[in-house]
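Participant: the sequence and its predicted three-dimensional model are supplied below.
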Amino acid sequence: MEPVVFLDRDNTLIANDGDLGDPARVTLLDGVPEGLRRLRDAGYRLVVVTNQGGVARGRYEEEDVDRVHREIAGLVDLAADRRGLVDRFYYCPFHPEAVIDAYRREHPWRKPQPGMLLQASRDLGIDLRSSWMVGDQPRDVQAGSAAGCRTILIGPGREAEGEASPTAIANDFTDAVDIVLASGRPQRARGESSNELAQLRRAIEDLNETTRPRGTGTARMIGAGLMIVAPLPFVAGLIFLDEPQTFFAWMLVTVVVMLAAIGCLLLERR
Ligand SMILES: [Mg+2]
């Protein structure tokens, strides 16, 4: 069980006061790559958790969120001279007042609820009690507290607001990193004191994530259905063995159906 620093995205890692769906507009805030590298070196895993109500408002699509996150990961790695500095990105595209029906709902992943942090703890085997949540909004603090983490609110001159009572208030991202690191080295659960073992486990989890099907399941169902019906034209072809033209026509249909099935299944694994 490893500790994590959960990170809000907008105005914590990148500058963004509006709806950002364009990777070309990603701008890292000062000190972010260096700060993330220091946290990683201290033994923390790094997980971004971000509300993306812009999807629900129809400003951009989930694919755009993924593209922005790939851009952030790439910029951070480039600046910090590391690979895979950020372990995971979780985002919540739902909003109770969405203009797009499919996204119009309250959702346990939507901060201030702790759903994304709890999901990450299940996915990655995180020790929440030794983890931190860092963000610039009271809802980040509330989500972190609800998950059982210590919390840092970024914002010079900020004070605890309403329900949000952070463990600490930081002037900027570098200050937040200093606070986390000053709390002492993260505790690893017994049986995982070896750095190599932790790295091996992380590599296996990353491999699982890479190979996990990401589609909605529709393409997989169509592919499976086509696989099931593929033998039918083949059997029909066998009936016309003595009529070469008809036989080859049915074989051609069989091949087309099989290729379509394989295409659907590959599409699903994209
Ligand atoms: Mg924010």
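Facilitator: Thanks, I have it.

Participant: report the residue spans of this structure with pLDDT below the cut-off.
Facilitator: Across the chain, residues meeting the criterion (pLDDT under 70) sit at 159-163, 185, 187-217, 268-270.

Participant: contact partners for whichever residue of the stretch 101-250 of the chain sits closest to the ion?
Facilitator: For the stretch 101-250 of the chain and the ion, the shortest gap (Cβ to the ion) falls at Asp136, measuring 4.4 Å. Placement of C-beta: from N, CA and C, glycine included. Taking Cβ atoms under 8 Å, 6 or more residues apart in numbering as the criterion, Asp136 is in contact with 8, 10-12, 153-155.

Participant: of the residues you listed, which pair is most distant in space?
Facilitator: Asp10 and Leu153 (14.5 Å; Cβ to Cβ).

Participant: look at these two and report which has more neighbours.
Facilitator: Leu153 (26 against 19; other Cβ atoms under 10 Å).

Participant: ok, now which ones touch the spatially closest residue to that one that is not a sequence neighbour?
Facilitator: Leaving aside its sequence neighbours, Leu153 sits nearest to Pro166 (Cβ to Cβ, 6 or more residues apart in numbering; 4.2 Å). Listed by Cβ under 8 Å, 6+ apart, the contact set of Pro166 reads 141, 151-153, 160.

Participant: ok, those vs Asp81, which is closest?
Facilitator: Closest to Asp81, out of all of these and judged by Cβ to Cβ, is Ile152, at 25.4 Å.

Participant: show me what contacts Phe234?
Facilitator: Phe234 neighbours (Cβ under 8 Å, 6+ apart): 250-251, 254.

Participant: one more: Ala79?
Facilitator: Ala79 touches 28, 32-34, counting by Cβ under 8 Å, 6+ apart.

Participant: any chance you could map the strands in the stretch 101-250 of the chain?
Facilitator: 132-135, 150-154, 168-170 (DSSP state E, counting those that start in this stretch).

Participant: turn the contacts of Pro166 into JSON lines, including distance to the ion.
Facilitator: Conversion of the contacts of Pro166 to JSON lines gives the following (distance: Cβ to the ion, whole Å):
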{"residue": "Val141", "distance to the ion": "11"}
{"residue": "Thr151", "distance to the ion": "13"}
{"residue": "Ile152", "distance to the ion": "13"}
{"residue": "Leu153", "distance to the ion": "10"}
{"residue": "Ala160", "distance to the ion": "17"}
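
Participant: and the residues you listed, which two are furthest apart?
Facilitator: Ile152 and Ala160 (11.8 Å).

Participant: compare the two (neighbour count), which wins?
Facilitator: Ile152 (26 against 12).

Participant: what does stretch 88-96 contact?
Facilitator: With Cβ under 8 Å, 6+ apart, stretch 88-96 has contacts from 9, 47-53, 55-57, 62, 65, 69, 72-73, 103-107, 109-111, 115-116, 119-120, 123-124, 209.
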